[in-house]
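>>> Need a 3D model of the following:
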Amino acid sequence: QVQLVESGGGLAQAGGSLRLSCAASGRAFSNYVMAWFRQGPGKEREFVATISRSDGTYYADSVKGRFTISRDNALNTVYLQMNSLKPEDTAVYYCAAANRPYSGGNSRVDRYDYWGQGTQVTVSS
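Next up is the predicted model:
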């Protein structure tokens with residue numbers, strides 16, 4: 001069992017930056033595949049980025065080149081650095097952890113076993 005707590009959300013202007021953090025409790029954080037998802041108003045939850053046990057990363061096309069996911073296993077924390085923010089990035093951002101990787105990739109909501117409560121990111125134009 002792992003508990004996830006996100007922080008770092010807030011209000012930013014278009015073109016600005018924010019850094020989200022997700023602190024995990026429990027053991028063996030390094031064994032989890034970690035990810036960020038987001039859910040905008042009236043939209044379904046969508047994949048943003050994932051990082052594997054060996055620090056391999058994969059991004060949604062909509063954020064590629066602007067967002068960077070990273071992890072610090074010593075601190076049990078995963079980060080999402082968001083640069084060049086756009087109003088369409090406005091959403092609640094969720095941290096997620098998966099017990100194992102999947103051969104078809106880890107970009108689906110149903111691949112993840114644990115979720116944080118979410119943090120709001122609002123980007124003004």
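>>> So what's the residue count around the closest residue to Gly116 other than its chain neighbours?
Excluding its sequence neighbours, the residue lying closest to Gly116 (Cβ to Cβ, 6 or more residues apart in numbering) is Leu4, at 3.7 Å. For every residue, glycine as well, the C-beta is placed using N, CA and C. Neighbour count for Leu4, taken as other Cβ atoms under 10 Å: 22.
>>> wait, Leu4 sits on Ala96?
Yes: with contact defined as Cβ atoms under 8 Å, Leu4 counts as touching Ala96 (7.3 Å).
>>> quick one on the thing from earlier: can you tell me which residues contact the residue nearest to Gly116?
By Cβ atoms under 8 Å, 6 or more residues apart in numbering, the contact set of Leu4 is Cys22, Ala23, Ala24, Ser25, Cys95, Ala96, Ala97, Tyr114, Trp115, Gly116.
>>> Make sure the last one is actually in contact with Tyr94.
Yes: under the criterion of Cβ under 8 Å, Gly116 is in contact with Tyr94, at a separation of 5.7 Å.
>>> More neighbours: which of the two?
Under the criterion of other Cβ under 10 Å, the comparison of Gly116 against Tyr94 puts Tyr94 first, with 23 against 20.
>>> which strand residues sit across from the more buried one in the sheet?
Taking DSSP bridges as the rule, Tyr94 bridges to Phe37.
>>> quick one: contacts for it?
Glu6, Trp36, Phe37, Arg38, Gln39, Arg45, Trp115, Gly116, Gln117, Gly118.
>>> I'd like the residues you listed written out as a markdown table, with pLDDT and distance to Arg66 added.
What follows is those, written out as a markdown table (pLDDT from 0 to 100; distance: Cβ to Cβ, whole Å):
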| residue | pLDDT | distance to Arg66 |
| --- | --- | --- |
| Glu6 | 98 | 19 |
| Trp36 | 98 | 13 |
| Phe37 | 98 | 16 |
| Arg38 | 98 | 13 |
| Gln39 | 98 | 19 |
| Arg45 | 97 | 19 |
| Trp115 | 98 | 23 |
| Gly116 | 98 | 22 |
| Gln117 | 97 | 25 |
| Gly118 | 98 | 20 |
